[in-house]
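K.L.:
What follows is a predicted structure for the sequence shown.
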Amino acid sequence: MSVVEKFFDQAELLRFITAGSVDDGKSTLIGRLLHDSKSIFEDQLASITHTTRKRGSEGVDLSLLTDGLQAEREQGITIDVAYRYFATPKRKFIIADTPGHEQYTRNMVTGASTANLAIILIDARKGVLTQSRRHAYLARLVGIPHLVVAVNKMDLVDYSQSVFEKICTDFNAFFEKIQLQNVTYIPMSALNGDMVVERGDHLNWYSGSTLMDVLETISIEDDINREDFRFPVQWVCRPQTKELHDFRGYMGRIESGSIRAGDAITVLPSGLNSRIKQILKYEGAIDEAYAPQSITLTIEDHVDISRGDVLVRTGDAPVVAKAFDAMLCWLSEQPLDLSRKYLIKQSTRVVKTLISRIDYRVDINTMNQESAATLTMNDIAQVGIKVQLPLVCDDYQHNRATGCFIVIDESSNNTVAAGMISTH
């Protein structure tokens with residue numbers, strides 16, 4: 001294995017999203033990160049330089065590195081989640097550039113579901129807007145551990161320290177309401193590159209880290225639940241060969257915790273017990289595995305296990321329930337119909353469900369709880385859920401992987417909502 005291959009195999013991965021209102025500069029920021037970290041090819045740079053010239057502009061429009069759809073380029077907006085991958089000598093990164101328009105909040109939820117960190121951009125001229133608060137609240141709701149507020153376009157307010165400090169004060173007041181912590185504020189100009197990868201020459205009054213410094217050094221060791229072993233079975237492997245006629249392996253990804261050969265496990269929802277016989281990866285048997293590795297497990301006993309079952313460490317079982325509460329983000333243009341059944345996909349299990357009640361809807365501006373008879377696109381509400389078959393679930397704030405689900409309209413097969421389970 002070469003040095004480069006070894007790095008990409010072992011380097012720590014940080015997933016982050018960018019969010020904000022329209023024209024706050026998300027695509028330009030990502031373009032600047034890619035350009036200044038030398039993560040683009042010469043032909044890409046030549047292509048966007050040519051496109052910039054065709055538009056009659058000078059320099060290089062770095063936003064074109066992420067706005068890949070032709071419709072987006074024509075309108076000058078981002079209308080879908082664009083994923084980009086790059087690496088520095090310290091870490092690997094996956095970026096999700098999410099839309100700024102309010103009607104695309106559902107895309108922001110999609111990008112945020114697996115993120116370690118969220119960057120919320122604020123236009124220094126406009127301050128904290130409704131959509132800024134919405135994205136901050138969603139970041140807290142989906143449990144993103146780290147938040148960076150990037151006050152962008154400081155060049156358009158003469159790099160004013162007072163403007164930056166007022167935005168910090170305004171946003172802090174909102175964060176206190178929603179009990180959001182671990183927030184870092186950075187003033188920057190994505191267009192000119194100040195405080196993105198390099199410090200630049202215009203923000204000498206700011207002594208904090210650049211955005212790239214934060215991305216490379218922020219600790220994400222505790223972002224995954226390392227304690228509670230959760231292994232949703234994705235596939236039961238039974239090779240039909242003479243040599244492996246009696247082999248039965250359970251394939252999937254460890255969503256949290258770790259497991260060793262010989263450990264006692266319980267199969268949920270059945271409650272049957274056994275022990276781990278072998279842990280297999282593509283290179284052979286290993287003694288221990290941990291999240292988020294994809295593995296195959298064999299067990300010592302002949303136990304009925306199928307796709308959708310969850311293996312947990314004996315004595316550390318989550319809730320098994322047919323009814324629970326959840327925070328729901330409604331993503332569909334079709335309103336919620338409380339009289340009809342939907343499907344819930346939670347981990348590797350799909351069951352029929354009825355959303356039995358709406359406790360309240362959250363007003364994103366005031367954080368007040370309002371009564372509601374239905375939910376429309378972008379509404380966030382606490383609801384009651386009833387499912388046809390029991391689900392194995394953790395409280396979302398305790399374990400993101402096994403505490404989340406999506407709601408599917410079985411007639412169209414469209415995802416209509418994303419949910420976060422509350423077991424308290």
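P.N.:
That came through fine.
K.L.:
alpha carbons only for contacts and neighbour counts from here, please
P.N.:
Fine.
K.L.:
Residue 134 and residue 188, how far apart?
P.N.:
22 Å (C-alpha to C-alpha, to the nearest Å).
K.L.:
With neighbour numbers in mind, choose between the two.
P.N.:
Neighbour count, other C-alpha atoms under 10 Å: between residue 134 and residue 188, residue 188 has more, with 29 against 19.
K.L.:
Quick check: that one touching residue 194?
P.N.:
Yes: with contact defined as C-alpha atoms under 8 Å, residue 188 reaches residue 194; the gap is 5.3 Å.
K.L.:
Give the rounded mean pLDDT of stretch 355-364.
P.N.:
If you average the pLDDT over stretch 355-364, you get 91.
K.L.:
Other residues contacting it?
P.N.:
130, 133-134, 137, 338, 341, 368-374, 379-386 (C-alpha atoms under 8 Å, 6 or more residues apart in numbering).
K.L.:
Can you list which of the residues you listed are found in strands?
P.N.:
Among those, the members falling in strands are 369, 370, 380, 381, 382, 383, 384, 385, 386 (criterion: DSSP state E).
K.L.:
What subset of these is buried?
P.N.:
380, 381, 382, 383, 384, 385, 386 (16 or more other C-alpha atoms under 10 Å).
K.L.:
Residue 290 contacts residue 256, doesn't it?
P.N.:
Yes: between residue 290 and residue 256 there is a contact under C-alpha under 8 Å: 7.2 Å.
K.L.:
Those two: who's more crowded?
P.N.:
residue 256 (23 against 20).
K.L.:
Give the intersection of the neighbour lists for residue 188 and residue 194.
P.N.:
With C-alpha under 8 Å, 6+ apart as the test, residue 188 and residue 194 both reach residue 203.
K.L.:
Helix or strand next in line after the lowest-mean-pLDDT helix or strand in the chain, which one?
P.N.:
Of all helical and strand segments in the chain, the minimum by mean pLDDT, DSSP states H and E falls on helix 70-75, at a mean of 40. Sequence-wise, the next helix or strand downstream of helix 70-75 (DSSP states H and E) is strand 82-87.
K.L.:
Okay, now the sheet partners of that following strand, with direction.
P.N.:
strand 92-97 (antiparallel) (DSSP bridges).
K.L.:
in the stretch 151-300 of the chain, which spans are helices?
P.N.:
Assigned by DSSP state H, counting those that start in this stretch, the stretch 151-300 of the chain shows helices spanning 161-178, 211-217.
K.L.:
Pull out the buried positions in the longest one.
P.N.:
By 16+ other C-alpha under 10 Å, the buried positions in helix 161-178 come out as 163, 164, 167, 168, 171, 172, 174, 175.
K.L.:
Just to check, the third one is in contact with residue 128?
P.N.:
Yes: with contact defined as C-alpha under 8 Å, residue 167 and residue 128 form a contacting pair (6.6 Å).
K.L.:
Any regions of the stretch 301-424 of the chain where pLDDT drops low?
P.N.:
365 (pLDDT under 70).
K.L.:
Show me the strands in it, by range?
P.N.:
In the stretch 301-424 of the chain, the strands defined using DSSP state E, counting those that start in this stretch lie at 310-313, 319-330, 342-346, 349-362, 369-370, 380-393, 404-409, 414-422.
K.L.:
likewise the stretch 151-300 of the chain?
P.N.:
Going by DSSP E, counting those that start in this stretch, the stretch 151-300 of the chain shows strands at 183-187, 230-232, 235-237, 249-253, 258-260, 264-268, 272-281, 284-286, 288-290, 294-299.
K.L.:
And for residue 424, the neighbour number?
P.N.:
7.
K.L.:
Can you give me every residue that contacts the closest residue to it other than its chain neighbours?
P.N.:
Excluding the flanking residues, the one nearest residue 424 by C-alpha to C-alpha, 6 or more residues apart in numbering is residue 395, at 7.3 Å. Contact analysis of residue 395 by C-alpha under 8 Å, 6+ apart lists 402, 403, 420, 421, 422, 423, 424.
K.L.:
what do you get for residue 150?
P.N.:
Per C-alpha under 8 Å, 6+ apart, neighbours of residue 150: 119, 120, 121, 122, 185, 186, 187, 188.
K.L.:
if you set the cut-off to 6 Å instead, what comes out?
P.N.:
120, 121, 186, 187 (C-alpha atoms under 6 Å, 6 or more residues apart in numbering).
K.L.:
Distance to residue 269, pLDDT and neighbour count added to those residues, as JSON lines?
P.N.:
JSON lines is the format used below for these (distance: C-alpha to C-alpha, whole Å; pLDDT from 0 to 100; neighbours: other C-alpha atoms under 10 Å):
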{"residue": "120", "distance to residue 269": "40", "pLDDT": "91", "neighbour count": "25"}
{"residue": "121", "distance to residue 269": "43", "pLDDT": "91", "neighbour count": "30"}
{"residue": "186", "distance to residue 269": "47", "pLDDT": "97", "neighbour count": "21"}
{"residue": "187", "distance to residue 269": "50", "pLDDT": "97", "neighbour count": "30"}
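K.L.:
Which pLDDT value does the model give the closest residue to residue 258 other than its chain neighbours?
P.N.:
Leaving aside its chain neighbours, residue 258 sits nearest to residue 290 (4.0 Å; criterion: C-alpha to C-alpha, 6+ apart). The score at residue 290 is 90. That number is its pLDDT.
K.L.:
Relative to residue 254, how far out is residue 290?
P.N.:
6 Å.
K.L.:
next one: residue 191
P.N.:
For residue 191, the distance to residue 254 - C-alpha to C-alpha - is 41 Å.
K.L.:
Compare the two (neighbour count), which wins?
P.N.:
Comparing residue 191 with residue 254 by other C-alpha under 10 Å, the one with more neighbours is residue 254, at 23 against 20.
K.L.:
From the recorded domain assignment, give the ranges for the chain.
P.N.:
3-217, 230-313, 319-422 (automatic domain parsing).
K.L.:
Dump the ones you listed into CSV; add distance to residue 223 as well.
P.N.:
Below are the domains of the chain laid out as CSV (distance: least, C-alpha to C-alpha, whole Å):
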stretch, distance to residue 223
domain 3-217, 7
domain 230-313, 10
domain 319-422, 10
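K.L.:
quick one, which of those is nearest to residue 224?
P.N.:
domain 230-313 (6.5 Å; C-alpha to C-alpha).
K.L.:
roughly how far is that closest one from the heart of the chain?
P.N.:
26 Å (C-alpha atoms, centre = their mean, to the nearest Å).
K.L.:
what do you get for stretch 303-323?
P.N.:
That offset, for stretch 303-323, works out to 24 Å (C-alpha atoms, centre = their mean).
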